[in-house]
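In: Whatever this is, show me its structure:
(one chain, ligands or ions: 1)
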Amino acid sequence: MLQINKLHAYYGESHILHHLSLEVEEGTVCALLGRNGMGKTTTIHSIMGMVPRREGSIRVDGKEIISAKSYQISKEGVGLVPQGRRIFPDLTVYENLMTTYRSAEGGWNIEKIFHLFPRLRERQHSMGGNLSGGEQQMLSIGRALMTNPKLLLLDEPSEGLSPLMVNEVSTIIKQLKQAGLTMLLVEQNLAMAKEIADYVYILNKGQVVFEGASDLFDEDIQKRHLALSS
Ligand SMILES: Nc1ncnc2c1ncn2[C@@H]1O[C@H](COP(=O)(O)OP(=O)(O)OP(=O)(O)O)[C@@H](O)[C@H]1O
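Out: A predicted model of the protein is given here:
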């Protein structure tokens, strides 16, 4: 579904991603891990066409998108749940959801989103800015689903949530996986990432330093690549 090959990404003179290759097979969840500042968000933003200078190849369902604009990438079926939720605080829950709606036969619509998130149905007339962090994360996921993506990119969906809400969000992502949605998940919550993902990549300074099935991702690998002192 997603094939990134020898990707380089730059912000001005800063060379952030180096020769990065990764693949997410259809129907699987892939976790992208790494300490702060290692290039996870830059990878996600490169896929979405949000990084000014990118070189290499990014293919979605075989189609090259490295030079495409963000709106074209979205139309190709790539959805983003951005870091920090990025919902519209002055629009209602319903309006937030409708801003991104792109219909697809048999796909997501407002009724299905409310079925998946009963809490959003209850709060559909509330302003986005009045929601709790967990509700905002649900809204952010709901908004991305409303574009009817075939590939969903999630950038730290558990960030800043209570343990109870982390569990809820984790359950939702697992439900989406069971329904066959292909996902690339950036996470700092390693337990959650390991539980959900089929395959794991670890980034260090913009390079892939580990990849393997998630059962291979053990304490030793964690210490080697993700411990703060390493
Ligand atoms: N808009 C930008 N302009 C310049 N440099 C940037 C920009 N965004 C990120 N960077 C730099 O790129 C590097 C990678 O950042 P990135 O946000 O991709 O890391 P990350 O792994 O997602 O970290 P975090 O877990 O903190 O979100 C960092 O050194 C960061 O300072």
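
In: What is the end-to-end distance of stretch 36-51?
Out: The first and final residues of stretch 36-51 sit 18 Å from each other (C-alpha to C-alpha, to the nearest Å).

In: quick one, what contacts the residue nearest to Met98 when sequence neighbours are not counted?
Out: Nearest non-adjacent residue to Met98, counting by C-beta to C-beta, 6 or more residues apart in numbering: Ile110, 7.0 Å away. All C-beta atoms are positioned from the backbone trio N, CA, C, and that covers glycine. Ile110 makes contacts with 94, 97-98, 101, 146, as judged by C-beta atoms under 8 Å, 6 or more residues apart in numbering.

In: of those residues, closest to the ligand?
Out: Nearest to the ligand among these is Met146, at 24.8 Å by C-beta to the nearest ligand atom.

In: Look up which residues are beta-bridged to Leu151.
Out: With DSSP bridges as the criterion, Leu151 is bridged to Val78, Thr182.

In: how about the strands in the chain?
Out: For the chain, applying DSSP state E gives strands covering 2-11, 14-24, 29-33, 53-60, 63-64, 78-81, 151-155, 182-186, 199-204, 207-213.

In: Show me what stretch 74-89 is in contact with.
Out: The set of residues external to stretch 74-89 that reach it, using C-beta under 8 Å, 6+ apart, is 41, 44, 47-48, 60-61, 63, 65, 68, 95-96, 99, 102, 127-129, 131, 133, 136-137, 139-141, 143-145, 147-157, 159, 186.

In: most centrally placed residue in the chain?
Out: The chain has Leu154 as the residue nearest its centroid, 1.4 Å off, counting by C-alpha atoms, centre = their mean.

In: that older thread, neighbour-wise, give me the winner out of the contacts of Ile110.
Out: Using other C-beta atoms under 10 Å as the neighbour test, those are led by Leu97, with 25 neighbours.

In: need the contact list for that one.
Out: Leu97 is in contact with 110, 113, 120, 139, 142-143, 146, counting by C-beta under 8 Å, 6+ apart.

In: OK, contacts around Val186?
Out: Counting by C-beta under 8 Å, 6+ apart, the residues that Val186 touches are 31-33, 40-41, 43-44, 83, 153-156.
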